[in-house]
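> could you work out the structure for the sequence below:
(chains A and B)
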Amino acid sequence: MIEIIEHTADIRLRITAATREDLFREALRGTIALLQPQKGEREVQCDVRIEAGDPTVLLVDFLNEALSNAHARREAYDDAAIWSLTDNRVEARLLGTEAIAFGDDVKAVTYHEADIRRDAHGQWYTVLVYDI
Amino acid sequence: MEKRALTKVHDWLWEIPKSYRPDMRVPARVYTDEKMLDSILGDRSLDQLINVATLPGIRGWAIAMPDVHEGYGFPIGGIAAVGSDDGVISPGGIGYDINCGVRLLRSTQTASSLRERLPKLVHSIAREIPSGVGRGGPLRFKKNDLDQILRDGATRAVEIGFGTDEDLDRIESRGAIDGADPKFVSDHARGRGGDQLGTIGSGNHFVEIDRVDRVFDPAFGIEHDQVLILIHTGSRGLGHQVATDFLRVMVGTMQRYGISVPDRELACAPFRSPEGQQYFQAMAAAANFAFANRQIITAGIRRAWKHELGDDLEVIYDVAHNVAKIEKHAVGEVLVHRKGATRAFPGQPVLIPGSMGTASYVLMGQQGSMEQSFGSSCHGAGRVMSRTRARQQVTATELRDRLQKLGIVAEAGSSKGLVEEAPEAYKDVDAVVDVVDRAGLAKKVARLVPIGVIKG
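Next up is the predicted model:
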């Protein structure tokens, strides 16, 4: 689930999912959706492998890698096949379509306020602030 | 934060003492009037400023300008000077849009002489200057050629035919920050933005044709009713990726240097460390890319101007508002981080873009800035309303009507981008500028009002 929370200058999302893998996938969808891609028909994929000091940094770095590839390769990812996910490493294949254009810009996913937690119902969640 | 935490130093300056939080190394100061202070207290700007006051090696104060608003890590409109030997460099203190900045051009036209030809002129400029998200420009550079741009900035752009040596005399640091090293700009950054030279991008970036509405203090050859052109853009995707790359590096290495910060987005490394130096050299390269970008955009505007009106444009000044620079101040040599703040050395033009449909300002830096704000001033109007709320409150049709009634010709890539930048989303730029003028940081030279806007 993706909720938009007010931010004076930028965008703040709260991402919630049943598993940590799903949190990564949902956050990926939320991030790419902010770019408002005009999707083409050609299917694309992009393999990423990220290592980081803790799960929250891992998520932010994973999303920034996806964002960078989306911009550089003109691709819109709407899912990921996550092959391996630990506290410090993620290996995944980003899946999507070519992007003919983007309607909005996202400069980066920031570490500000990002903090992966589980709520009383066992749901995984974090807030993400984007520089737009 | 509550207002009672602040002490009024004088009518335009408020201070949060170092004792407010145990990890503060210096007090935090905000230049504002009391009315805007109430608005500033409405978001987390000052909590973020207090976090900045904890950075290792910070000198004097963590400073916020009247256009301050909540960011992520540093507030937007913040200044931090750290000792060049014992301080840190923080990519978040510069921002993702490295050397986002403003350039002002002078024409020989008056607003009345342009009136009939304005729509065609705006359209012609829009055709010359690609805008919009991730939009590449017509120029393609091989790796070595891009390296030269990253090393020499606007100087290289002039060498390959975009402008003249006289232009360089009117750019901060002559359009090239010393110490740039292209080898620290990643392939990712080159792939993301290397083809975006000569483009303005989206968001609050624009090219604006302005009329001089009022002259407060004649300077820089600016006269009443004269037509000037304002360019607001930065280092595009290349700079965004340089910041992302090095924030990641610093988040991973802070612990090794025994540094802890209250917000990861303040991640930093000692300035003299390998990571600190590599980031500084990459940041300088991205800043040079931005100077070259504004130089190449200037060439495009000149082509359109020449084609439509048969005359030329002169550069008045070009200044960054997201950058870190080594400077000498009363406290010694420092690395001044300006994130949404403009260098305002005495006598220097300070360019303050306002919101579309209100006003922009040309100021002149004053001695007071050297004594109070490490030679810095504000950078714009400062947002008060989220983009989401702006879209809820303003429709594109209503805004276009309003701009038309004000005599403003607007060409925007998207209606969404237009309404997000509606005037009501910003603070009152007149009030912002009044504060820096009265505080003695920069004095008012001229007030500009838009007559033509080109946006992504």
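> so who does the residue nearest to B:A320 when sequence neighbours are not counted touch?
Nearest non-adjacent residue to B:A320, counting by Cβ to Cβ, 6 or more residues apart in numbering or on different chains: B:G101, 4.0 Å away. For glycine as for every other residue, the C-beta is placed from the backbone atoms N, C-alpha and C. For B:G101, the contact set (Cβ atoms under 8 Å, 6 or more residues apart in numbering or on different chains) comprises B:172, B:232-234, B:290-291, B:294, B:318-323.
> show the pLDDT at B:G101.
Looking at B:G101, its pLDDT is 97.
> B:L118 contacts B:G452, correct?
Yes. The pair B:L118 / B:G452 is scored as a contact, 5.7 Å apart, by Cβ atoms under 8 Å.
> which neighbours do those two share?
B:209, B:409.
> ok, is the lengthiest helix in chain A in contact with chain B or not?
Criterion DSSP state H: the longest helix present in chain A is helix A:55-73. Yes. Under the criterion of Cβ under 8 Å from any Cβ of the partner chain, chain B is reached by helix A:55-73 at A:57, A:61, A:64, A:68, A:71-73.
> so the residue nearest the centre of chain A is in which element?
A centroid search over chain A (Cα atoms, centre = their mean) returns A:L28, at 2.6 Å, as the residue closest to the centre. Using DSSP states H and E, the element containing A:L28 is helix A:20-34.
> how distant is the host helix or strand of B:L238 from the center of its chain?
Secondary structure assignment for B:L238, by DSSP H and E: helix B:236-253. Put simply, helix B:236-253 sits 19 Å off its chain's centre (Cα atoms, centre = their mean, to the nearest Å).
> kindly report the same for stretch B:283-292.
Centroid separation for stretch B:283-292 versus its chain: 13 Å, with Cα atoms, centre = their mean.
> avg pLDDT for it?
Rounded mean pLDDT across stretch B:283-292 is 98.
> sorry, back to before: closest one of the residues of helix A:55-73 next to chain B to chain B?
A:A72 (3.8 Å; Cβ to the nearest Cβ).
> how much space separates the residue nearest to B:R140 when sequence neighbours are not counted from B:E327?
Leaving aside its sequence neighbours, B:R140 sits nearest to B:D195 (Cβ to Cβ, 6+ apart; 6.1 Å). Going from B:D195 to B:E327 by Cβ to Cβ, to the nearest Å gives 33 Å.
> which one of these two has more residues nearby?
B:D195 (22 against 17; other Cβ atoms under 10 Å in any protein chain shown).
> what residues does chain A put near chain B?
Counting by Cβ under 8 Å from any Cβ, chain A sits next to chain B at A:4, A:6-11, A:35, A:52-53, A:57, A:61, A:64, A:68, A:71-74, A:101-105, A:107-108, A:110-114, A:129, A:131-132.
> separate out the buried members of those residues.
For the residues of chain A next to chain B, a burial check counting by 16 or more other Cβ atoms under 10 Å in any protein chain shown picks out A:7-11, A:35, A:52, A:57, A:61, A:64, A:68, A:71-74, A:101-105, A:107-108, A:110-114, A:129, A:131-132.
> now the host helix or strand of A:R42 against helix B:236-253, angle please.
A:R42 is part of strand A:37-51, with elements assigned from DSSP H and E. Orientation check (axes from the mean of the first three to the mean of the last three Cα atoms, to 10 degrees): strand A:37-51 against helix B:236-253 gives 30 degrees.
> show me which pair in the residues of helix A:55-73 next to chain B is furthest apart.
A:V57 and A:R73 (23.9 Å; Cβ to Cβ).
> pLDDT-wise, which helix or strand of chain B ranks last?
helix B:415-420 (a mean of 77; mean pLDDT, DSSP states H and E).
> go on, chain A?
Result, chain A / mean pLDDT, DSSP H and E: strand A:2-5, a mean of 86.
> contacting residues around it?
So strand A:2-5 is contacted by A:11-16, A:26, A:29-30, A:33, A:127, B:388 (Cβ under 8 Å, 6+ apart).
> okay, now the sheet partners of that strand, with direction.
strand A:11-17 (antiparallel) (DSSP bridges).
> mind listing what's buried along the strand it pairs with?
Result for strand A:11-17 [16+ other Cβ under 10 Å]: buried residues A:11-13, A:15-17.
> ok so, going back, will you turn the contacts of strand A:2-5 into a markdown table that also has distance to B:I408 and pLDDT?
What follows is those, written out as a markdown table (distance: Cβ to Cβ, whole Å; pLDDT from 0 to 100):
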| residue | distance to B:I408 | pLDDT |
| --- | --- | --- |
| A:I11 | 28 | 84 |
| A:R12 | 32 | 89 |
| A:L13 | 34 | 93 |
| A:R14 | 38 | 95 |
| A:I15 | 39 | 97 |
| A:T16 | 43 | 97 |
| A:E26 | 41 | 97 |
| A:R29 | 38 | 96 |
| A:G30 | 35 | 95 |
| A:A33 | 32 | 94 |
| A:V127 | 38 | 95 |
| B:T388 | 24 | 77 |
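> need the phi and psi values for residue 54.
Since no chain was named, I'll use chain A. phi -160, psi 170 (degrees, to the nearest 10).
> who's in contact with the closest residue to it other than its chain neighbours?
In space, and not counting its chain neighbours, A:D54 is closest to A:D87: 6.5 Å by Cβ to Cβ, 6+ apart. A:D87 is in contact with A:54-55, A:58, counting by Cβ under 8 Å, 6+ apart.
> how about the residues of the stretch 101-250 of chain B near chain A?
Counting by Cβ under 8 Å from any Cβ, the stretch 101-250 of chain B sits next to chain A at B:132-134, B:188, B:191-193, B:201-203, B:237, B:240-241, B:243-244, B:247-248.
> now with 10 Å, please.
B:132-136, B:186-196, B:201-205, B:234, B:236-237, B:239-241, B:243-245, B:247-248 (Cβ under 10 Å from any Cβ of the partner chain).
> any of those residues buried? List them.
Buried among these (16+ other Cβ under 10 Å): B:132-136, B:186, B:188-196, B:201-205, B:234, B:236-237, B:239-241, B:243-245, B:247-248.
> got any ranges where chain A has weak pLDDT?
For chain A, applying pLDDT under 70 flags the ranges A:7-9.
> the longest helix in chain B is where?
From DSSP H, the single longest helix across chain B is helix B:274-309.
> and the angle for it with helix B:236-253?
Going by the same axes, to 10 degrees, helix B:274-309 makes 170 degrees with helix B:236-253.
> the following helix or strand past helix B:274-309 - what's its average pLDDT?
Where DSSP H and E defines the elements, the next helix or strand beyond helix B:274-309 is strand B:314-320. For strand B:314-320, mean pLDDT rounds to 98.
> what's the angle from strand B:314-320 to helix B:274-309?
Going by the same axes, to 10 degrees, strand B:314-320 makes 150 degrees with helix B:274-309.
> name the residues of strand B:314-320 that come out as buried.
In strand B:314-320, counting by 16+ other Cβ under 10 Å, buried: B:315-320.
> same question for stretch B:7-26.
B:12-16, B:18, B:20-21, B:24, B:26.
> may I see these organised as TSV, with secondary structure added?
Below are the buried residues of stretch B:7-26 laid out as TSV (DSSP: H, G, I helix; E, B strand; the rest coil):
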residue	secondary structure
B:W12	coil
B:L13	strand
B:W14	strand
B:E15	strand
B:I16	strand
B:K18	helix
B:Y20	helix
B:R21	coil
B:M24	coil
B:V26	coil
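> tell me which two of these sit farthest apart.
Going by Cβ to Cβ, the pair spanning the buried residues of stretch B:7-26 furthest: B:W12 and B:R21, at 24.1 Å.
> which one is B:E208 nearest to, not counting chain neighbours?
B:L230 (4.5 Å).
> for that neighbour, what are phi and psi?
phi -110, psi 130.
> wait, it touches B:A359, no?
No. Here B:L230 does not reach B:A359: they are 11.0 Å apart, not a contact under Cβ atoms under 10 Å.
> quick check: neighbours shared by the two?
The contact sets of B:L230 and B:A359 overlap at B:210, B:352-353, B:448, B:450 (Cβ atoms under 10 Å, 6 or more residues apart in numbering or on different chains).
> out of those residues, which sit inside strands?
B:210, B:352, B:448, B:450 (DSSP state E).
> many thanks, we can stop here.
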